[in-house]
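Student: sequence and predicted structure, then a few things I'm wondering about:
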Amino acid sequence: MIEVRELKKKYGELTAVDSLTLEIPNGEIFGFIGPNGAGKTTTISMIAGLLAPTSGSVAICGVDMLKNPTYAKQHIGYIPDRPYIYEKLTAMEFLKFTADLFSMTAKMAKGEFKDRAEAQLKKFSLLDWADELIESFSHGMKQRLIMAAALLHEPKVLVVDEPMVGLDPSAIKMVKQMLVDLAADGTTIFMSTHTLKIAEDVCHRIGVIHKGRLIASGTIDELKQQANADNADLEQLFMILTEPIA
Ligand code: ATP
């Protein structure tokens, strides 16, 4: 579960995120859409505990991110839009490095890390590349490795910034199915995207942010009501909701 209360971020005079309040229950995929510069990445960085808010709060599975960041972050898998990845490591070494960051390996039985890492690499079609240097990977392979690493500690909350950029159609299909399966198992997913078709396909609810403010949120049917547009698809709703105050 993710609880965001009156979240605000100011960069100097600019209010990038203003008075954002959201509650995303277990097992929900929440899509976060908005024009360029609307405040999506700023919001995601605050939810993931990478950026301190100017005011307001974030709680992950009931744990306050500001008061108890280490424990709150244990529950989060974070997939950034521009991931930093150590290219001189192999895929398996990168997963080991990630597991050590989460203090996972110390708590595991012998062989458990390898089994878990291989299962993730297999899920993302990277098992044959486990011992290859990441610098030899394509962009899509690196994206898939980042996803495998983010899921390694079996987080209850997944925070994803633009998950599908650079992935081919079969990888997009696989990632969409993975998000749906994770949510069905109770994982809470917060996902920002510009790919409205993907948001329409997988998200239970969608929030629209514009100039730092949440201007609409709900199911597609609820967004249609808010926009007074019964027959609109998400792209048309996005235009209707964001254009009048542009
Ligand atoms: P995009 O869809 O283009 O990735 P976004 O919705 O993710 O955009 P943010 O990156 O959150 O938007 O940016 C929101 C606003 O805050 C923008 O006006 C941006 O220029 C500004 N901003 C973001 N990071 C900083 C920073 N470190 N310092 C100053 N201003 C920033």
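Tutor: Received the coordinates, thanks. In this text, all values refer to a predicted model and were calculated from it rather than measured experimentally. Residues are numbered from 1 along each chain as shown.

Student: in stretch 30-50, which residues are buried?
Tutor: Across stretch 30-50, burial judged by 16 or more other CB atoms under 10 Å covers 30-35, 38-49. Just so you know, the C-beta spots here come from the backbone N, C-alpha and C atoms, and that holds for glycine as well.

Student: hmm, who's touching the longest helix anywhere in the chain?
Tutor: When the chain is parsed with DSSP state H, its longest helix is helix 169-184. Under the contact criterion CB atoms under 8 Å, 6 or more residues apart in numbering, helix 169-184 has outside partners 27-29, 123-125, 140, 143-144, 147, 151, 158, 163-164, 167, 189, 191, 198, 201-202, 204.

Student: just to revisit the earlier point, give me the subset of the buried residues of stretch 30-50 lying in strands.
Tutor: Among the buried residues of stretch 30-50, DSSP state E puts Phe30, Gly31, Phe32, Ile33 in strands.

Student: below-threshold pLDDT in the chain: ranges please.
Tutor: Counting by pLDDT under 70, the ranges of the chain that qualify are 244-246.

Student: looking at strand pairing, list the partners for the residue nearest the centre of it.
Tutor: For the chain, Val160 is the residue whose C-alpha lies nearest the centre (CA atoms, centre = their mean; 1.4 Å). Beta-bridge partners recorded for Val160 (DSSP bridges): Ile79, Met191.

Student: and stretch 124-132, how far apart are its ends?
Tutor: 15 Å (CA to CA, to the nearest Å).

Student: thought the residue nearest to the centre of the chain was touching Met191?
Tutor: Yes: with contact defined as CB atoms under 8 Å, Val160 reaches Met191; the gap is 4.4 Å.

Student: domain map for this protein?
Tutor: The chain breaks down into these domains under automatic domain parsing: 1-75+155-246, 83-154.

Student: so which of those domains comes closest to the ligand?
Tutor: Shortest distance between the ligand and the domains of the chain, using CB to the nearest ligand atom, is found for domain 1-75+155-246: 3.3 Å.

Student: rewinding a little: the ones in strands among the buried residues of stretch 30-50 also near the ligand: which ones?
Tutor: By CB under 6 Å from any ligand atom, no member of those lies near the ligand.

Student: now, the contacts of helix 169-184 that are in helices?
Tutor: Filtering those for helices - DSSP H - leaves Lys123, Gly140, Gln143, Arg144, Met147, Leu151, Ile198, Asp201, Val202.

Student: can I get those residues in JSON lines including neighbour count and distance to Gly12?
Tutor: Below are those laid out as JSON lines (neighbours: other CB atoms under 10 Å; distance: CB to CB, whole Å):
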{"residue": "Lys123", "neighbour count": "16", "distance to Gly12": "43"}
{"residue": "Gly140", "neighbour count": "17", "distance to Gly12": "37"}
{"residue": "Gln143", "neighbour count": "23", "distance to Gly12": "33"}
{"residue": "Arg144", "neighbour count": "25", "distance to Gly12": "37"}
{"residue": "Met147", "neighbour count": "26", "distance to Gly12": "34"}
{"residue": "Leu151", "neighbour count": "21", "distance to Gly12": "36"}
{"residue": "Ile198", "neighbour count": "19", "distance to Gly12": "34"}
{"residue": "Asp201", "neighbour count": "16", "distance to Gly12": "38"}
{"residue": "Val202", "neighbour count": "20", "distance to Gly12": "36"}
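
Student: I'd assumed Pro163 was in contact with Gly77.
Tutor: No: Gly77 is beyond contact range of Pro163, at 11.5 Å (criterion: CB under 8 Å).
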